[in-house]
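Q: sequence unknown, structure follows:
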């Protein structure tokens, strides 16, 4: 082989090699950028569901001024719900229909996480026999993401009370049952049943309860916290409470940590983690391949000067 | 640019064998990359160019669909999955999982006795003549899948419940460049 032919051959190899390296680098950069976007995008969904985000508007004992400010921003905010010892500590809205607040936050802006909302047919003063609140079942215990943990007897026993602020004052909630049912179960999903049907409604509801504590009196108004359940098709988990005349103290208040510092159930892996495990895995794989390629390249380069010196 | 000089020198003075050796290394590199890509797309992911109108408008003709082969357990209703029927990979939506009772009544899809509200579905759901008989209970480890274009889709109404193990994976990315 002549010197020129060899030079051409080597040139060709170098060109192919560089094209290959550039392509791999491009792919790595694109995959990483997309994985980064996916991470950020998933995180965006949870932005604004953190209870800290809303805490500035939470009605306090001193005055309801900040809550009134939120109501000025969005007049459809009509209550504030707290379940003691959980992350459930949110404003409650009520729309003209039950679709709006599925993806509208309590400030009235579009948000995939939506807000906690009262059924549009219910009395906004919670005067009905049963009032139904809906909220998304989300990872990271956002919105009503923690409701399903009440299926556990221990969690149900440890979290007995909550608070509902409406009409300018606080009202206690005493939780009496946890129910798992189907979204189309009209024995449960009939908001504002007439007083005449109250007994059969309550009996039917409690018959479906997997956890129950205490009784429901004849004048008690029920509040149902409903959320989606992933365990069955059209599944719904409901935490059933009674709106009490008295206000309950938060047994978790004053403990370390925002959530009361108590032990928590092990939730499933976060959404961002489970959905990004694969892209991240691939990214890592591509990086490893790139590293191997890099080593091969550097070895080749290292051998060159030696040859040249001969 | 710094390495240009030694490289050129190397090129002109290397013994005849080194060129072949470089070529071999380049080939090894190409093979390694190709192998990595093949492994990623056969073991982790699958990619399919979707080519029928049965999932309109969620997935359209010409869409590139990337699916996760390892998400085949734990399907839930509304998941989009890839199944292969008569040699063609198709994207279908899970509407019922093991234990659910599926029926197709005059009003449309009925799951566990309730007519489903499906705001994303724009065609009436009917039965196919000669298809599976209703109502049916989805057996353990199976899913019942339908195409979103209910009037024409070939789906579980034709081939019955699908074993979750027999699906190819769960759709994780759809890339569309026309018909947006």
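A: Received the coordinates, thanks. All values reported here derive from a predicted model rather than from experimental measurement.

Q: domain assignment for chain B?
A: Following automatic domain parsing, one finds the domains of chain B at B:4-45, B:50-175.

Q: Just name the most buried of those.
A: Most buried of the domains of chain B by mean neighbour count (mean count of other CB atoms under 10 Å in any protein chain shown) is domain B:50-175; its value is a mean of 17. Just so you know, the C-beta spots here come from the backbone N, C-alpha and C atoms, and that holds for glycine as well.

Q: Endpoints of that domain, how far apart?
A: 10 Å (CA to CA, to the nearest Å).

Q: Looking at the domains of chain B, spot the one closest to chain A.
A: Counting by CB to the nearest CB, chain A lies closest to domain B:50-175 out of the domains of chain B; the figure is 3.0 Å.

Q: Rounded mean pLDDT for that closest one, please.
A: The pLDDT scores in domain B:50-175 average 93.

Q: same question, stretch A:33-46
A: 88.

Q: and it, which residues are buried?
A: A:35, A:38, A:39, A:42, A:45, A:46 (16 or more other CB atoms under 10 Å in any protein chain shown).

Q: could you pull out the strands for chain B?
A: Counting by DSSP state E, one finds strands in chain B at the ranges B:45-49, B:64-68, B:80-85, B:88-97, B:101-105, B:108-111, B:114-115, B:136-137, B:142-146, B:162-163, B:169-175.

Q: want to try JSON lines for the ones you listed, with distance to chain A as columns?
A: Listed next are the strands of chain B as JSON lines, based on distance: least, CB to the nearest CB, whole Å:
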{"stretch": "strand B:45-49", "distance to chain A": "7"}
{"stretch": "strand B:64-68", "distance to chain A": "6"}
{"stretch": "strand B:80-85", "distance to chain A": "14"}
{"stretch": "strand B:88-97", "distance to chain A": "5"}
{"stretch": "strand B:101-105", "distance to chain A": "9"}
{"stretch": "strand B:108-111", "distance to chain A": "6"}
{"stretch": "strand B:114-115", "distance to chain A": "3"}
{"stretch": "strand B:136-137", "distance to chain A": "12"}
{"stretch": "strand B:142-146", "distance to chain A": "9"}
{"stretch": "strand B:162-163", "distance to chain A": "15"}
{"stretch": "strand B:169-175", "distance to chain A": "7"}
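
Q: Can you list the buried residues in stretch A:3-17?
A: A:6, A:9, A:10, A:13, A:17.

Q: Restricting to these, which residues neighbour chain B?
A: The subset of the buried residues of stretch A:3-17 within reach of chain B, by CB under 8 Å from any CB of the partner chain, is A:6, A:9, A:10, A:13, A:17.

Q: Tell me if I am right that the first one is in a helix.
A: What that stands for is residue A:6. Yes: looking at residue A:6 with DSSP: H, G, I helix; E, B strand; the rest coil, it is inside a helix.

Q: Point out the residues in the stretch 51-200 of chain A that sit beside chain B.
A: Near chain B, when you scan the stretch 51-200 of chain A using CB under 8 Å from any CB, you find A:182, A:183, A:184, A:185.

Q: quick one: pLDDT of residue 19?
A: Going with chain A. pLDDT at residue A:19 comes out at 93.

Q: other chain: chain B
A: So, for residue B:19, pLDDT stands at 82.

Q: any idea how far it lies from residue B:166?
A: Residue B:19 is 51 Å from residue B:166, where distance means CB to CB, to the nearest Å.

Q: Give me the residue at the spatial middle of chain A.
A: Centroid-nearest residue in chain A: residue A:138, 2.6 Å away (criterion: CA atoms, centre = their mean).

Q: nearest residue to that residue other than its sequence neighbours?
A: residue A:145 (4.2 Å; CB to CB, 6 or more residues apart in numbering or on different chains).

Q: show me the contacts for the one you found.
A: Residues near residue A:145 by CB atoms under 8 Å, 6 or more residues apart in numbering or on different chains: A:87, A:136, A:137, A:138, A:139, A:227, A:267.

Q: for residue A:130, same thing?
A: Contacts of residue A:130 by CB under 8 Å, 6+ apart are A:190, A:191, A:192, A:193, A:201, A:221, A:222, A:223, A:224.

Q: Now neighbour count and pLDDT too, for those residues, in a markdown table please.
A: As requested, the contacts of residue A:130 are exported to a markdown table (neighbours: other CB atoms under 10 Å in any protein chain shown; pLDDT from 0 to 100):
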| residue | neighbour count | pLDDT |
| --- | --- | --- |
| A:190 | 17 | 93 |
| A:191 | 19 | 93 |
| A:192 | 14 | 91 |
| A:193 | 17 | 92 |
| A:201 | 18 | 94 |
| A:221 | 19 | 94 |
| A:222 | 22 | 95 |
| A:223 | 26 | 95 |
| A:224 | 21 | 96 |
